[in-house]
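Visitor: fold the following for me, if possible:
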Amino acid sequence: IMTSSSEPDTKKQKMSSTSAPANPRVIALFDVDGTLTIPRGEVTPDMMAFMKSLSEKITVGIVGGSDLPKQEEQLGDGIVKTFPY
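Guide: This is a model prediction of the structure:
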């Protein structure tokens, strides 16, 4: 027996409002120093644009030996909202 509800499915609404990558089962992890930035430097606009574009296709994560404040200094405030892994 199938039933129908007039209430919206909030889980589906939440999922559709986030931009999941086209292939979320593939993940690429990038080191900060020496990969995304020069050692201890800031990310370039071109690199950030590439990372955001890639995150539309696959899951992207950032790894590094520095603490979060240093990574935010290098990659931008709120970087964990852009790349949550």
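
Visitor: give me the low-pLDDT residue ranges for this protein?
Guide: Where the chain drops to pLDDT under 70, the residues are 1-18.

Visitor: helices along that one, start to end?
Guide: Using DSSP state H, the helices found in the chain span residues 10-17, 45-55, 68-75, 79-82.

Visitor: tell me the most buried of these?
Guide: Counting by mean count of other CB atoms under 10 Å, helix 68-75 has the highest mean neighbour count of those, with a mean of 16. No exception for glycine: its C-beta is placed from N, CA and C like everyone else's.

Visitor: show me what contacts residue 74?
Guide: Residue 74 sits next to 32, 33, 36, 37, 40, 41, 42, 43, 66 when contact means CB atoms under 8 Å, 6 or more residues apart in numbering.

Visitor: need the longest strand for this structure.
Guide: Ranked by residue count under DSSP state E, the longest strand found in the chain is strand 23-31.

Visitor: each with direction, which strands does that one pair with?
Guide: strand 58-63 (parallel) (DSSP bridges).

Visitor: okay, the angle between the strand it pairs with and helix 68-75?
Guide: If you take axes from the mean of the first three to the mean of the last three CA atoms, to 10 degrees, strand 58-63 sits at 120 degrees to helix 68-75.

Visitor: and strand 58-63 with helix 45-55, angle?
Guide: 130 degrees.

Visitor: buried subset of the contacts of residue 74?
Guide: With burial judged by 16 or more other CB atoms under 10 Å, the buried subset of these is 32, 33, 36, 37, 43.

Visitor: can you list contacts of stretch 22-34?
Guide: Applying CB under 8 Å, 6+ apart, the contact partners of stretch 22-34 are 36, 39-40, 51, 54, 56-66, 71, 74-75, 85.
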